[in-house]
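[1] Need coordinates for the below:
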Amino acid sequence: MAERITHWHGIDFNGNHGTEIYLDTGNSVRVQAWPRDVEKAMLLLSDADSCDVPSSW
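    Next up, the predicted model:
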């Protein structure tokens, strides 16, 4: 799934913080994690899978 991610950014809905992750399919996924935590997870996945990690916008 990590290879399908194009970018992500922080979101805030009525005080609920998280990150919206965009996929190359045009869909997005919202998670309750800070953008920096998503970036850390992507870096861990990229080290494990040796794949490219997109930069956050």
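
[2] Provide the strand pairings for the helix or strand hosting residue 18, with the direction of each partner.
    Assigning secondary structure by DSSP states H and E places residue 18 in strand 16-23. Strand pairing for strand 16-23, determined by DSSP bridges: strand 5-13 (antiparallel), strand 28-31 (antiparallel).

[3] Can you give the distance from that strand to the centre of its chain?
    Remark: strand 16-23 is offset 7 Å from the chain centroid, using CA atoms, centre = their mean, to the nearest Å.

[4] Tell me which of the strands paired with strand 16-23 lies nearest to residue 43.
    Residue 43 lies closest, by CB to CB, to one member of these: strand 5-13, at 12.3 Å. Yep, even glycine has a C-beta here, placed from its N, CA and C like the rest.

[5] the residue most distant from the middle of this protein, which is it?
    The C-alpha centroid of the chain is most remote from residue 14, which lies 20.7 Å away (CA atoms, centre = their mean).

[6] count of neighbours near residue 19?
    Per other CB atoms under 10 Å, the neighbour tally for residue 19 reads 20.

[7] Let me see the contact set for it.
    8-11, 30-31, 33-35, 37-38 (CB atoms under 8 Å, 6 or more residues apart in numbering).

[8] From those residues, keep the buried residues only.
    8, 33, 35, 38 (16 or more other CB atoms under 10 Å).

[9] Take those residues and keep only those in helices.
    Among those, the residues falling in helices (DSSP state H) are 35, 38.

[10] And the furthest pair within the buried ones among the contacts of residue 19?
    Farthest apart among the buried ones among the contacts of residue 19 by CB to CB are 8 and 33. That separation is 9.8 Å.

[11] Now do residue 47 against residue 41, distance only.
    Here residue 47 is placed at a distance of 11 Å from residue 41 (CB to CB, to the nearest Å).

[12] Could you list the low-pLDDT ranges of the protein?
    Scanning the chain with the threshold set as pLDDT under 70 gives 49-57.

[13] again, only using 80
    For the chain, the stretches flagged by pLDDT under 80 are 1, 46-57.

[14] State the phi and psi torsions of residue 3.
    Backbone geometry at residue 3, expressed as degrees, to the nearest 10, gives phi -70, psi -10.
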